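Q: What follows is a predicted protein model with its sequence.
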Amino acid sequence: MYPELNGKVVVITGGSRGIGADTARAFAEEGARVAVLGRDRDALDRVAKETGGIGIVADVTDLAAIEDARRRVEAELGPADVVCAFAGGGIARPGPTAAMSEEEWHSVVDGNLTATFLTLKSFLPGMQERRAGAIVTMSSSAGRMPSNLPSAGGREMGNPWGAPVAYEAAKAGIQALTRHVAAEVGGDGVRVNCVAPAAIRTERTERFMPREVQDFVAASHPLGRMGEARDVASAAMFLASAQSSWLTGLTLDVAGGKIML
C-alpha cells in the first residue's frame, strides 16, 4: 500500500508489545527497516525477529539512553526517516485529583509526556538537517475528554474516576507538543502528527479486562467494537507516508466514533 516506505528506517519506542509491536510489523510488511525500543529484552527480541529489524533496550525517560539508541540505529540501519514515539508508562491509581501523590503524577507525566519530548529532542535535529522526516506521537482519547464523564462509561462500569488525571493531562500535553513542534519544524521538511486511540484490544486488555467489560466498552463506541492494535498501526503508517504529505500538526482520533471533532 505504501511503496515509498520500502527501505525507510523506522524507529518505534514502546515497540516490544501491543500497539507498538503491531506498528513495527506493519511497517516491516511494507519493506521498512525497523528498530524497536523498549525495556523488555525478550519481547524486543521477538519483535525484532518477526520484523527482521533490531531491538534496543532503552529507558525513554532518560535522554542519554535515547541518544545511545539513536546512535546504534544510525550505525546499524541508517538515519531515522520515521519515528513513532509510542512509549507510555507510569503508575497511578484512579481517584480524586487531590488524592494523587506527587510520585504518581511524575511517574505518569514522565512516562508519557516527558518520554515523548525526549524522543523528539533526540531525533529531530538529524531530520531537520536532512530536511526530511515524519514523526508520529501517541496520545489517547483520554486527552480529548475527561474519562470520568457519564458518557465515557466509567460510572456504569463501577469506576467513577475514569483514567488518572495525570494520564489525561499527559496525553493532552502530547497533542499540544505535537502541534507546537509541527509548526516549528514544518519549514525544515519535517512533519509531526499524533494518533489518539480509544479502547484498543491488546494482550494487556485481554488479560486484565473481563469479557463483560470488553463487551460494554465495545457497545459504547458508535462502530460497535473495540479497536485493534492494527487499526492504530494503519493510521500511523498513513501519517508517515507520502499520502499524508499535506498533513502536519494533526491529531487523528482512532476511536471508532467515540471522539468526533
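A: All right, it came through fine.
Q: what's the least confident helix or strand in the chain, going by average pLDDT?
A: Taking mean pLDDT, DSSP states H and E as the measure, helix 203-208 is the helix or strand of the chain with the lowest mean score, a mean of 82.
Q: where does it sit relative to the chain's centre, distance-wise?
A: Put simply, helix 203-208 sits 18 Å off its chain's centre (C-alpha atoms, centre = their mean, to the nearest Å).
Q: Using CSV, write out every CA atom in the longest strand that the chain contains.
A: As assigned by DSSP state E, the longest strand anywhere in the chain is strand 190-197. What follows is strand 190-197, C-alpha atoms only, in CSV (Å, rounded to 0.1, in the frame of the first residue of the first chain):
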residue,chain,number,x,y,z
VAL,A,190,9.6,17.5,8.9
ARG,A,191,6.0,16.6,9.6
VAL,A,192,4.7,15.8,13.1
ASN,A,193,1.3,14.2,13.7
CYS,A,194,-0.4,12.4,16.5
VAL,A,195,-2.7,9.3,16.9
ALA,A,196,-5.2,9.2,19.7
PRO,A,197,-6.7,5.8,20.2
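Q: following it, which helix or strand comes up?
A: As assigned by DSSP states H and E, the chain's next helix or strand after strand 190-197 is strand 200-201.
Q: name the helices or strands packed onto that next one?
A: Packing contacts for strand 200-201, counted by 3 or more C-beta pairs under 8 Å, 6 or more residues apart in numbering; DSSP states H and E, involve strand 227-228, helix 229-240. For the C-beta atoms, the positions are set from N, CA and C on the backbone; glycine is no exception.
Q: Tell me which of the ones you listed lies nearest to residue 77.
A: helix 229-240 (15.6 Å; C-beta to C-beta).
Q: which one of the helices and strands packed on strand 200-201 lies closest to residue 13?
A: It is, among the helices and strands packed on strand 200-201 and with distance given as C-beta to C-beta, helix 229-240, at 12.2 Å.
Q: Give the buried residues for that closest one.
A: Neighbour-count burial for helix 229-240 flags 229, 231, 232, 233, 234, 235, 236, 237, 238, 239, 240 (criterion: 16 or more other C-beta atoms under 10 Å).
Q: Repeat that for stretch 173-186.
A: Those would be 173, 174, 175, 177, 178, 179, 181, 182, 185, for stretch 173-186 by 16+ other C-beta under 10 Å.
Q: how about the strands in the stretch 51-200 of the chain?
A: 54-57, 82-85, 133-138, 190-197, 200-201 (DSSP state E, counting those that start in this stretch).
Q: what bridges to residue 191?
A: Beta-bridge pairing for residue 191 (DSSP bridges): residue 134.
Q: when you give positions from now on, start the count at 37
A: Sure thing, new numbering starts at 37, so read that last one as residue 227.
Q: Could I get the full set of helices for the chain?
A: For the chain, the helices defined by DSSP state H cover 54-65, 77-87, 99-112, 138-145, 151-166, 201-221, 239-244, 247-255, 265-276.
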